[in-house]
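> coords below, sequence missing:
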């Protein structure tokens, strides 16, 4: 079974956006064991979309399109697909009801326009793919052993639809099963991981082991192809065990969760309350941690103490410390950690102080220098890091590294 | 003149990497006024590469390929191109010298292999594109009014080669220039924007007006094709003016900047200090605002007051208010705004309190309900919103909407 992705949208041809949908779907197809030999991108133009469909069906069984489901006249995908398969577009009650409700309950400030109802038209006989994050449902058209899966362009709508509906649909069509295990790593880089696992990676064909560099950190995916789940598990387990042995504590998760989920779970499990005082990360650590639902049980308070005054007034960092060692120093980080834990009355605290740039660096304290402190019931650990990249890269790395440092401290306790 | 990009590489088909080269080249072609109607991705396979070449030349004049110039046997692009144009591959002295020097001076740690010399083979009669950042030179093949531009895959090699050699080469071939203007919008959705501008969008062919839904908000791009910059400006200006008239304050920028940049600039210009107290956004507003370098002049302090205790102790929200109206209420938001502005001693403050979900919603206070408050020198404005989507969508929308609310208040003062 061969699939082909056709991204439809002039904005990709103009380079306004990168075709990240194709990457996501490609990874999903690879995990399902479905081959893909070609991808296409075409603009919002009827003639050229049909040309692309013809081309794709000459060599593939399944076409997956993304984009062109919006409410404007530019958005043509469903209309062209209906024409291509000689199907009428019919108003779908359920889809229209959903669009109306979406505007009624979720978007009270915005008026529904006639345009939005166009999104409720569905090719006759098509399977509807529910869209919980927008007004454009997707559709699956099956015709003479051809399958076309039509998805919207915005990743925040497309991805949940793929996960909830398309993946199970394709899974039924696939002839063998593919099982994947994810290993998530922080603290060592992609090349160090590859070096460490070189021999296993070279020796393996089933399961395969592929490393992916993430925004911060590395993800390994172990993928086995087998007749059933039990067989696949048996193939994966010994490899997974060996990888865990070699990478140890650098592994923070063996499922696709984020570092904040791991830290939040540890805090809740251990019934430890936490506070945060952030300078260069300026709220990002608190903001990230609070992604975890249920964190309110343990997260008591955060402070963004960007100025020296705030560090002194709010956290009680001594003026002598700020003068003698500077705001970006191990000593300041230490006093910040104690200060926020004491005033917020928490078991644990995490703090950052650093130079995110682009200005403010000196030879002794370059841009990228960040001190991260973790307080745990009276004990403080401070670590010094020098991150590279621009302002937002430095802040992102400080945030993730801080959460990872917190994880390592919590695991020891 | 029409161009087409063919990315060659199995790693893209497997989703291991995103095709960012296509975006870069697409932007460059758009700026040069060269049309592109299709893009393709194909694996490292001779038959399929030839199929893609045939396809592309049936509809385009110029093919730009990326990838497949590496030293391994998988890397086929130049070999297949030479075969396609019936040219011999000849060792190019200059190219081979460069490869040898590269290993001698730049990569002392790695040894040059015989494979690397394969990279010094050039189709006879081709123009060489120097590669200062790697060992694979690019080539331009011109044959019977067909042009093929062959570039390596790694962006750090490809981009400088495009800039130094390919752009000037294409510039000579291009007959017109393309100018774009961006308009960024918050507060009304994509369909409302489209509805509002329906008549102008339908009437326009040059410039064109295209709306794009962003994570939060909408971006419009006005694009004109003309003989020179002055002509292009003249085409764009009246349309831009009319759009500004119709969308008014909903436009927050006419360049590709983020809402936090606009807000930060306004604060710094007007010399207004600011603080933030966040409940459901939990640090995201402070974290986003601090993306702006130089914000330290005006951003004094932030508080993440997630619990009722923190709202009371840290911000002085009255216990009666929390009991009578609840933590998620207009009254609480109002007291939070006054509390943080007073204790941090700032001119302005911004606060949020809401239910991000997935738990905690009731019929009266559903998931997605968020109160956002802005304090400005003694006056407080509180607005109620109901956002849709999951926890992180609610938090993201609350953050962006809060910053936009701040912008609107600051513009009135």
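Received it, and whenever you're ready, just let me know what you need. Remember, it's a predicted structure, so these values are computed and weren't measured experimentally. Residues are numbered from 1 along each chain as shown, chains lettered A, B, ... in the order given.

> Helices along the stretch 151-300 of chain A, start to end?
Ranges of helices in the stretch 151-300 of chain A, per DSSP state H, counting those that start in this stretch, are A:155-161, A:167-173, A:190-203, A:229-247, A:259-269, A:284-289.

> As CSV, those with mean neighbour count would be great.
C-betas here are computed from N, CA, C, even on glycine. Putting the helices of the stretch 151-300 of chain A into CSV (neighbours: other CB atoms under 10 Å in any protein chain shown) gives the following:
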stretch, mean neighbour count
helix A:155-161, 20
helix A:167-173, 13
helix A:190-203, 14
helix A:229-247, 15
helix A:259-269, 20
helix A:284-289, 29
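
> Residue A:135 touches residue A:71, doesn't it?
Yes. Assessed by CB atoms under 8 Å, residue A:135 is found in contact with residue A:71 at 7.2 Å.

> For residue A:293, give me the pLDDT.
pLDDT, residue A:293: 91.

> quick one: it from chain B, how far?
Using CB to the nearest CB, to the nearest Å, residue A:293 is found at 6 Å from chain B.

> Contact partners for that residue?
Contacts for residue A:293 (CB atoms under 8 Å, 6 or more residues apart in numbering or on different chains) come out as B:356-359, B:391.

> From those residues, which land in helices?
Of the contacts of residue A:293, the ones assigned to helices by DSSP state H are residue B:391.

> Please tabulate the contacts of residue A:293 in CSV and include distance to residue A:332 and neighbour count as additional columns.
Shown next, in CSV, are these (distance: CB to CB, whole Å; neighbours: other CB atoms under 10 Å in any protein chain shown):
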residue, distance to residue A:332, neighbour count
B:356, 32, 29
B:357, 37, 21
B:358, 38, 12
B:359, 38, 11
B:391, 33, 19
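
> So which of the contacts of residue A:293 is the closest to residue B:1?
Taking CB to CB as the measure, residue B:391 is the one of these closest to residue B:1, at 48.6 Å.

> Which residues are in contact with residue A:99?
Contacts of residue A:99 (CB under 8 Å, 6+ apart): A:112, A:116-117, A:119-120, A:135.

> where's residue A:385 relative to residue A:366, distance?
Distance from residue A:385 to residue A:366, counting by CB to CB, to the nearest Å: 11 Å.

> higher neighbour count, these two?
Each of residue A:385 and residue A:366 has its neighbours counted (other CB atoms under 10 Å in any protein chain shown); residue A:385 has more, 17 against 13.

> The more buried one contacts residue A:370, doesn't it?
Yes. If you go by CB under 8 Å, residue A:385 and residue A:370 touch, sitting 5.0 Å apart.

> which neighbours do those two share?
Here residue A:385 and residue A:370 share the contacting residues A:354, A:398, A:401, scored by CB under 8 Å, 6+ apart.

> and of those, the nearest to residue A:217?
residue A:401 (9.4 Å).

> Mind listing what's buried along the host helix or strand of the closest one?
Under the criterion of DSSP states H and E, residue A:401 resides in helix A:391-412. Across helix A:391-412, burial judged by 16 or more other CB atoms under 10 Å in any protein chain shown covers A:391, A:393-407, A:409-410.

> for stretch A:121-134, same thing?
Within stretch A:121-134, the residues that count as buried by 16+ other CB under 10 Å are A:121-123, A:126, A:129, A:131, A:133-134.

> Please enumerate the strands of the stretch 201-350 of chain A.
A:208-213, A:218-226, A:251-253, A:274-278, A:299-304, A:348-354 (DSSP state E, counting those that start in this stretch).

> Find the nearest non-adjacent residue to the most centrally placed residue in chain A, please.
Nearest to the mean C-alpha position of chain A, by CA atoms, centre = their mean, lies residue A:258 at 8.2 Å. In this structure, residue A:258 finds its nearest non-sequential neighbour in residue A:291, 7.3 Å apart by CB to CB, 6 or more residues apart in numbering or on different chains.

> hang on, isn't that neighbour packed against residue A:259?
No. At 10.4 Å, residue A:291 does not count as touching residue A:259 under the criterion of CB under 8 Å.

> sorry, back to before: considering only the contacts of residue A:293, which also neighbour chain A?
B:356-359, B:391 (CB under 8 Å from any CB of the partner chain).

> Contacts for stretch A:230-237 next, please.
Residues from elsewhere that reach stretch A:230-237 (CB under 8 Å, 6+ apart): A:177-179, A:181, A:206-207, A:222, A:224-226.

> circling back to that earlier point, looking at residue A:135 and residue A:71 now, which is surrounded by more residues?
Using other CB under 10 Å as the criterion, residue A:135 and residue A:71 rank with residue A:135 on top: 29 against 25.

> Tell me who's in contact with the more buried one.
So residue A:135 contacts A:71, A:98-99, A:102-103, A:116, A:119, B:191 (CB under 8 Å, 6+ apart).

> again, only using 7 Å
A:99, A:102, A:116, A:119 (CB atoms under 7 Å, 6 or more residues apart in numbering or on different chains).

> Over to residue A:388?
Listed by CB under 7 Å, 6+ apart, the contact partners of residue A:388 are residue A:368.

> Check the one 5 residues further on too.
For residue A:393, the contacting residues are residue A:387, by CB under 7 Å, 6+ apart.

> how about 10 Å then?
By CB atoms under 10 Å, 6 or more residues apart in numbering or on different chains, the contact list for residue A:393 reads A:215-216, A:356-357, A:368, A:387.

> which ones are touching residue A:96?
Shown in contact with residue A:96 (CB under 10 Å, 6+ apart): A:116-117, A:119-122, A:135, A:137.

> Reformat those as JSON lines; add pLDDT and distance to residue A:33.
JSON lines is the format used below for those (pLDDT from 0 to 100; distance: CB to CB, whole Å):
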{"residue": "A:116", "pLDDT": "78", "distance to residue A:33": "38"}
{"residue": "A:117", "pLDDT": "81", "distance to residue A:33": "39"}
{"residue": "A:119", "pLDDT": "88", "distance to residue A:33": "33"}
{"residue": "A:120", "pLDDT": "90", "distance to residue A:33": "35"}
{"residue": "A:121", "pLDDT": "93", "distance to residue A:33": "34"}
{"residue": "A:122", "pLDDT": "94", "distance to residue A:33": "30"}
{"residue": "A:135", "pLDDT": "84", "distance to residue A:33": "33"}
{"residue": "A:137", "pLDDT": "93", "distance to residue A:33": "27"}
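
> What is the nearest of the residues you listed to residue A:340?
For the contacts of residue A:96, the residue nearest residue A:340 by CB to CB is residue A:135; the value is 43.6 Å.

> my guess is the closest one is in a strand, correct?
No. With DSSP: H, G, I helix; E, B strand; the rest coil as the criterion, residue A:135 is located in coil rather than a strand.

> Residue A:11: neighbouring residues, count only.
Using other CB under 10 Å, residue A:11 has 21 other residues around it.

> Can you redo the contacts of residue A:96 as a markdown table, where the extra columns are secondary structure?
Output for those, formatted as a markdown table (three-state DSSP):
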| residue | secondary structure |
| --- | --- |
| A:116 | helix |
| A:117 | helix |
| A:119 | coil |
| A:120 | coil |
| A:121 | strand |
| A:122 | strand |
| A:135 | coil |
| A:137 | coil |
